[in-house]
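Student: Coordinates only, no sequence provided:
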Ligand SMILES: CC(C)(COP(=O)(O)OP(=O)(O)OC[C@H]1O[C@@H](n2cnc3c(N)ncnc32)[C@H](O)[C@@H]1OP(=O)(O)O)[C@@H](O)C(=O)NCCC(=O)NCCS
């Protein structure tokens, strides 16, 4: 489970960022708890607190079953993170049906469900699926309809007293060049904006010789819905067991101080965590150099838990460098 150390603050309205990543086996217990609570507490209009209905509906919402869903090649399972905790869960079937979309009680009404739904729609788009479908609860129908979903047939009986409402959506293809984005890990949403963050290999030089080391050389890119690159972070395995952030930039000055850098750093740290899993020499520190005169850059790293480790006189042509280091938690 990732740890949103960066600026992922539930309830911090405008600046809140919801991250959606691929679910992992470590999410199993939290996922089962989330599903059970979400159904019990948020879907009362459906189950009407009828014990037999709830028992049927909750019966397969267990960590074991979650692991089966995760392992199935038929599913893409997504976890929404807001704050340090799992806040939503979604499952997209590979033929384009949304099998599950639930938000943790208390985290509803904060964009988590929207982020999940968009992640699944975007994933389906990348799979070249033109029509996606789902069977909604009564509770969630308004939510889907406000996001462009339309009725697609008569309601059907569900668990116990519940009904399932077939809905569909025709997906508009975006200009994003998805062929070149094989490793989409993160999507981040903020009100009125949608970004995709992906992680791609940064270089392909002499792979037969340096392939293993270059696995630890990634470009983390923040791309808007028009397919434009708006910000990027590059990291590399530097000293065998430490990682260096070699580049970090929000390209247009007008885009700065709006959370893009934080979103990239979050995704970047998570991609480093994934990389280090199971490695013989696990990278244990992340470091970055910053010009001593770069106030925003320094404030940014310090805000995100990097500590100043050294000042290097004359490191750059015009000024000193500050070496920042952050330990892995
Ligand atoms: C440094 C940079 C990547 C930060 O990205 P960003 O998207 O602007 O940063 P965020 O909006 O995510 O800011 C996160 C936090 O960093 C700190 N911060 C960022 N910019 C700051 C600034 N200009 N002044 C003071 N603090 C700042 C703040 O604590 C901020 O949180 P807050 O807005 O809630 O106070 C961006 O300013 C940039 O691209 N600068 C030019 C390239 C560069 O200097 N890269 C770093 C090389 S060392």
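Tutor: Alright, I've got the coordinates. Since the model is a prediction, treat every value here as computed from it, not as a measurement.
Student: Show me what from this protein comes close to the ligand.
Tutor: 7, 248-250, 256-262, 290, 294-297, 299-300, 303 (Cβ under 6 Å from any ligand atom). Glycine gets a C-beta too; all of them are placed from N, C-alpha and C.
Student: Show only the entries of these found in strands.
Tutor: Those of the residues of the chain next to the ligand mapping onto strands are 248, 249, 250, 290, per DSSP state E.
Student: just the helices in the protein please.
Tutor: Ranges of helices in the chain, per DSSP state H, are 28-37, 44-47, 51-58, 63-71, 112-126, 141-146, 207-215, 260-276, 295-303.
Student: per-stretch mean pLDDT over those helices, give me the minimum one.
Tutor: Mean pLDDT values for the helices of the chain show the minimum at helix 207-215, a mean of 71.
Student: if we can go back for a sec, how about a markdown table for the ones in strands among the residues of the chain next to the ligand, with neighbour count and pLDDT added?
Tutor: Converted to a markdown table, those look like this (neighbours: other Cβ atoms under 10 Å; pLDDT from 0 to 100):
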| residue | neighbour count | pLDDT |
| --- | --- | --- |
| 248 | 20 | 96 |
| 249 | 15 | 94 |
| 250 | 22 | 93 |
| 290 | 23 | 96 |
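Student: Now compare the residues you listed and name the two farthest from each other.
Tutor: The largest separation in these, counting by Cβ to Cβ, is between 250 and 290 at 14.5 Å.
Student: How about the contacts made by the closest residue to residue 102 other than its chain neighbours?
Tutor: In space, residue 102 comes closest to residue 38 once its chain neighbours are excluded; the distance is 4.0 Å by Cβ to Cβ, 6 or more residues apart in numbering. Neighbouring residues of residue 38 by Cβ atoms under 8 Å, 6 or more residues apart in numbering: 102, 103, 104, 105.
Student: Run a quick neighbour tally on the last one.
Tutor: Using other Cβ atoms under 10 Å, residue 105 has 13 other residues around it.
Student: What is the burial count for the closest residue to it other than its chain neighbours?
Tutor: Nearest non-adjacent residue to residue 105, counting by Cβ to Cβ, 6+ apart: residue 41, 4.3 Å away. By the criterion of other Cβ under 10 Å, residue 41 has 12 neighbours.
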